[in-house]
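In: Sharing a sequence plus its predicted fold:
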Amino acid sequence: MAVVECAVIDRGEAFRKALERSMETFGRRERVEVRFTYLTWSNAWYELVERIVHRAAPDVMEIGSTWALTFRAMEALRPFTSAEIRAIGGLDRYLLPLWQAARIDEAIWGVPWLADLRLVFYRKDALEKAGIEERSFRFLKDPADFEGALHRLARVGDLLAWVVPTQAERNTIHHIASWVWSYGGSFVSPDGELRFAEGPSLQGILAYFRLGPLMGCPIPLLSAVEADQVFWQGRAAATIGGWWLWRYAAEALRARIGLALPPGPPFLGGSLLVVWRESRDPEAAFAVLNGLVRPETMLALCRAPGMPLPAQPDLLPDLFSTMPESEMEVLRTGLYYANSLPNFSLWGILEDRLNTVFGQIWRDLIPCPENAEEIIRDHLRNAKAALSRIIRSPNARAG
């Protein structure tokens, strides 16, 4: 019997049980023993890079969608053949933006597995009290209109109009991205030029941080979990986050929650499944990957609390059979119009630095200073200078 090590991100006990139960029968049938290694988002990158460097990587790995280019440059991945892509259902079965992250130099190096779509969640009763028409709010495209609607929410009721994380968090760049894209900006150009500190990109970032005082002054210092809790405990009128907020809200509150698009293409991230180039048994490794993307496996995983979406949109009706059609419309539209972060070899460095900088910006904005725009510009200008030096470094390019 072949033995295949599979490294995935640990999403809790329910996820582990669903995964192992789903693959146990599959393994017996295929005569493959699957040994799972569980990582966290905080250590997965470093752990996998370390094992790749020592030529002892897991046979099958779950990686962030923005990691594929770096892992390909390290010659760590095995490309997929056209026959293998057909065997797992073909390109059309999966979300296009995740395929774009997996396609490098006209070859496919990863298979979309789980998706992370960011949407706005709002209280229907709060919108009604503020006199805001619900359908128009769901599809606001102008950041100024979105900001105006939140100010109307702030003038009525006893809820915070808006809540988001205000500590250094990996989620922040996923939220800000919609505002950057709404102005036609980008964090980095296709040829590697940093764009976040100027022009339309800067305007999008400024628009996002202008919403901060809607959380109160001083602005509260909140982690991602704490910001989510403020919303699902019923203390805020709107937030932005992953769809798991829908599942975490109390049953009584869920009936009053609606979904809306952010003012710009929603961020769509997620993970890919890849095969280690030096796997001792690549056929068995691909068989395991095939088992992981089976619809029955995906449905079992994505029903676990706190899980992201499947990268196969045809499975959504089964997962959301009780969701109102108005919310399903927003979910489908969001997946169609979503955008992904750039396929840039040094994206991990840039993302880490920007999330730290965004945390520093929030720290300086806590007292709601009058010169908030100047503070934001200074932080971004300094970040661009520091990142430019890192990116020009031969060591960074080599890594």
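Out: Cool, the structure landed. Predicted model, so just to flag it, every value in this text is computed and none were measured.
In: List the contacts of stretch 316-330.
Out: Applying Cβ atoms under 8 Å, 6 or more residues apart in numbering, the contact partners of stretch 316-330 are 119, 135, 138-139, 246, 258-261, 299, 302-303, 309-310, 331-332. For the C-beta atoms, the positions are set from N, CA and C on the backbone; glycine is no exception.
In: Kindly export that stretch (C-alpha atoms) in CSV.
Out: Listed next in CSV are the C-alpha coordinates belonging to stretch 316-330 (Å, rounded to 0.1, in the frame of the first residue of the first chain):
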residue,chain,number,x,y,z
LEU,A,316,-23.0,26.3,-3.5
PRO,A,317,-26.7,25.4,-3.8
ASP,A,318,-26.1,22.3,-1.7
LEU,A,319,-24.2,24.2,1.0
PHE,A,320,-26.6,27.2,1.2
SER,A,321,-30.0,25.5,0.7
THR,A,322,-31.5,27.6,3.5
MET,A,323,-30.0,30.9,2.4
PRO,A,324,-32.5,33.4,1.0
GLU,A,325,-32.3,33.9,-2.8
SER,A,326,-31.4,37.6,-2.4
GLU,A,327,-28.3,36.6,-0.4
MET,A,328,-27.4,33.8,-2.9
GLU,A,329,-27.6,36.4,-5.7
VAL,A,330,-25.0,38.5,-4.0
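In: Buried ones in it, by neighbour count?
Out: For stretch 316-330, a neighbour-count test (16 or more other Cβ atoms under 10 Å) marks 316, 319, 323, 327, 330 as buried.
In: Same question for stretch 49-69.
Out: Result for stretch 49-69 [16+ other Cβ under 10 Å]: buried residues 49, 51-52, 57-69.
In: Which ones among the residues you listed map onto strands?
Out: Counting by DSSP state E, those place 60-64 in strands.
In: Rebuild those as TSV, extending it with pLDDT.
Out: Listed next are these as TSV, based on pLDDT from 0 to 100:
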residue	pLDDT
60	98
61	98
62	98
63	95
64	91
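In: Now do the strands in this structure.
Out: 2-9, 32-39, 60-64, 103-104, 107-108, 111-117, 119-123, 238-241, 257-260, 268-275, 309-310.
In: excluding its backbone neighbours, what's nearest residue 14?
Out: residue 304 (4.0 Å; Cβ to Cβ, 6 or more residues apart in numbering).
In: Could you check the pLDDT of that neighbour?
Out: Residue 304 is assigned 78 on the pLDDT scale.
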